[in-house]
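# below are the sequence and a predicted model for it; my questions follow.
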Amino acid sequence: MIISKSAISGLLDKLIAEYQVYAPVKEGAYSLFKQIKSGSEADFSNKNSKIPPKGILFPQSEKLFSYSVTPEGARVDECVDSAQKVIFGVRPCDAKSLLLLDNVFKNDKYEDPYYLTRRANTILVGMGCNDPAATCFCTSMNTGPFDSTGMDLLLVDTGDNYVVEAVSDKGRELAAKLGLAAAGDADNAAAAKVKEAAEVACQVTTEGLKAKLDGNFYDEIWDRVHEKCLGCGSCTYSCPTCHCFDIVDDAVDCNGCRIRNWDSCMYPLFTLHGSGHNPRTGGKERMRQRVMHKFKYFVDNFNATACVGCGRCIKNCPVNLDIREVLADILGSEARDK
Amino acid sequence: MQKLAAAIQDAAKKLLDDQKVDLVVGFARGSLPLRSTPGFIRKSCDAGKLTWDYSCENNLANYLRKREGKVAVVAKGCDTRAIVALIKENQINRDNLYIIGVPCSGMIDRNKADELLDGKELLEVEDKGDTLVLKGKGFAVEAKLADLCHDTCKTCCYGTPVVYDMLIGEPVPAKAEDNFDDVRAFEAKSPAERKKMLAEDLSKCIRCYACRNACPMCYCPECFVDCSTPVWIEKAPDTADNMLFQSVRVLHLAGRCVDCGACDRACPMGINLRGITRKMVKEVKELFGYEAGVNMEDKPALNEFTADDPQPFLVKE
């Protein structure tokens, strides 16, 4: 199938009539996924959004339910969002990250109705990456610039058009509903050429990383790698796979609501106990947790690495603490220490 | 620049070889264009990793509070102002600190380069002295160094370190006094306009607290935003709470902010945080004639009281 670029805005307008549509919107030099009211707001010129679209399914702050206690008893009103959504222009790394998040919100111990309802009602229209950024290392993290895993449709930019690939039944249905024209052989050939030309220059070695992390909890490498870290949440909040949260009650008298907020393992409050004890006392323990969670614990739990190589943490870190260098340091630490 | 970097390396090597310090905090080459990164050097053979150019934007005073042992630091003018302010607040022991001062005529704002390139990716930079050529796939844009500088650096009158044990390079020429034109333009607006402007900017905040953590003067063991009894502000990045967070942050920096712009530089969302801190810097300067961290002698504005202190906030009969 094929869509002309000049028809994208109209196509988005058509979608807006039926769905909540989210697409990258330009905000100065960067772009952010936002709900759009008109197709003309969407802009696909940036390589990827500043903040990942995970917040559409797992908002930074969401009300889970409200409650009130009356003489008749307690009343609880769930706030499950079941609106039909389309996220348009999701990059392969971000689509892949949602598959990873699925493991957290749906497993044999727990099913999260808030995330899963949104997830079930969301269609992902992906956008391949013709020209990956220098900070992208997706091919080292089990995905790639045209990996359609997790998407419903994938768009391939061939210059004047997008060649559309249907990935799932949901995607096929949407394409049929939109009445997309069939792509000619020349268009398909152009798409194949674009895919072949896309190059992810940056490679990150992960071979042996898990085995290394299995045994280096007390290694002196952790004394060094965190040293310049300021302990802010710029990396975790711009990470498409970070998913730690904190639940608070906001109540006045007998009425209140329960709210779930993103949290960050880089904050001292993250593990602070009610007793005042904090098992992760400083930057060293927090940085170790972040690396271990992504490259060891998540692998232990779900047999996948919780990093998709989007490079946002590298770009957003105020002190240029580069996860690629941290991983290389960890892998090379033994050799260097000798 | 290369000469300065070499001189910094030599100084660091000598300090470590002579065992005058255990650690040198400086800048090392970063992993992105226009990006240096804080570097921690403990062995003299690693001194070659130190660098110096127009991308050394971080305030290294942040790494000096309550340090054990003898430490040397590579410090620009604004870093030394923060060091002075921290010494006065008993956060740094001057006797254990060796300051390698490096005069600075301005650091580059990567956001300005990004805006100039309108989202195109910067891959390489060619230094031509007064101009830089920003290069990427299929483009090369030449820009004046002065146009790419952080706004902080444009108004900064303390490019030459205010305190040091050794100065590398030539002092930068004195500049005209900061006239706070940016703050005056803000003050000229109506309260409603000001509120709208701040709300618009602060609606972008994601509460990563990079501004707070990058600030050398923000070091409370418990920040009010993290306090749970009582909850001063909600954790959700609601615009009204974002404004409260910044208001308290700025008020807590009254007479302490050294106007280094570290908060502004750290913000991943490009919020103009310095616009707010500078309003307070101007107030303190106008009321008490005090600028934080510009010399070792002045007593901090909030640590001193004189009978003729201005009291314009008092209701006059």
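Thanks, I have the structure now.

# now residue 153: phi and psi?
The chain I'm using is chain A. Note on A:Leu153: its backbone torsions stand at phi -130, psi 150 [degrees, to the nearest 10].

# I was after chain B.
Taking degrees, to the nearest 10 as the convention, B:Cys153 sits at phi -70, psi -30.

# that one and B:Leu132, how far apart?
For B:Cys153, the distance to B:Leu132 equals 15 Å [CB to CB, to the nearest Å]. All C-beta atoms are positioned from the backbone trio N, CA, C, and that covers glycine.

# count the neighbours of the residue nearest to B:Glu291 when sequence neighbours are not counted for me.
Counting by CB to CB, 6 or more residues apart in numbering or on different chains, B:Glu291 lies nearest to B:Lys285, which is 5.8 Å off, once chain neighbours are set aside. By other CB atoms under 10 Å in any protein chain shown, the residues close to B:Lys285 number 18.

# send me the helix or strand hosting B:Lys285 as CSV with only the CA atoms.
Per DSSP states H and E: B:Lys285 is located in helix B:274-288. C-alpha atoms of helix B:274-288 as CSV (Å, rounded to 0.1, in the frame of the first residue of the first chain):
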residue,chain,number,x,y,z
ARG,B,274,17.9,31.5,34.2
GLY,B,275,15.3,34.1,33.3
ILE,B,276,13.9,33.4,36.8
THR,B,277,17.1,33.1,38.8
ARG,B,278,18.4,36.4,37.3
LYS,B,279,15.4,38.3,38.5
MET,B,280,16.5,37.4,42.0
VAL,B,281,20.2,38.1,41.3
LYS,B,282,19.1,41.6,40.1
GLU,B,283,17.0,42.2,43.2
VAL,B,284,19.8,41.3,45.6
LYS,B,285,22.3,43.4,43.7
GLU,B,286,20.0,46.4,43.6
LEU,B,287,18.9,46.1,47.3
PHE,B,288,22.2,45.1,48.9
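
# buried residues, it. List them.
B:274-282, B:284-285, B:287-288 (16 or more other CB atoms under 10 Å in any protein chain shown).

# make TSV out of these and add pLDDT and distance to B:Asn111.
Converted to TSV, the buried residues of helix B:274-288 look like this (pLDDT from 0 to 100; distance: CB to CB, whole Å):
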residue	pLDDT	distance to B:Asn111
B:Arg274	91	12
B:Gly275	90	14
B:Ile276	92	17
B:Thr277	95	17
B:Arg278	96	17
B:Lys279	95	21
B:Met280	95	23
B:Val281	96	21
B:Lys282	96	23
B:Val284	94	27
B:Lys285	95	27
B:Leu287	91	32
B:Phe288	91	33
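
# on that earlier part again, check the offset of the helix holding B:Lys285 from the chain's centre.
15 Å (CA atoms, centre = their mean, to the nearest Å).

# nearest spatial neighbour of B:Leu134, chain-adjacent residues omitted?
Spatial nearest neighbour of B:Leu134, chain neighbours left out: B:Val141 (4.8 Å); criterion: CB to CB, 6+ apart.

# what's the closest non-adjacent residue to residue 112?
I went with chain A, as the question did not name one. A:Phe105 (4.0 Å).

# not quite, go with chain B.
B:Leu148 (5.1 Å).
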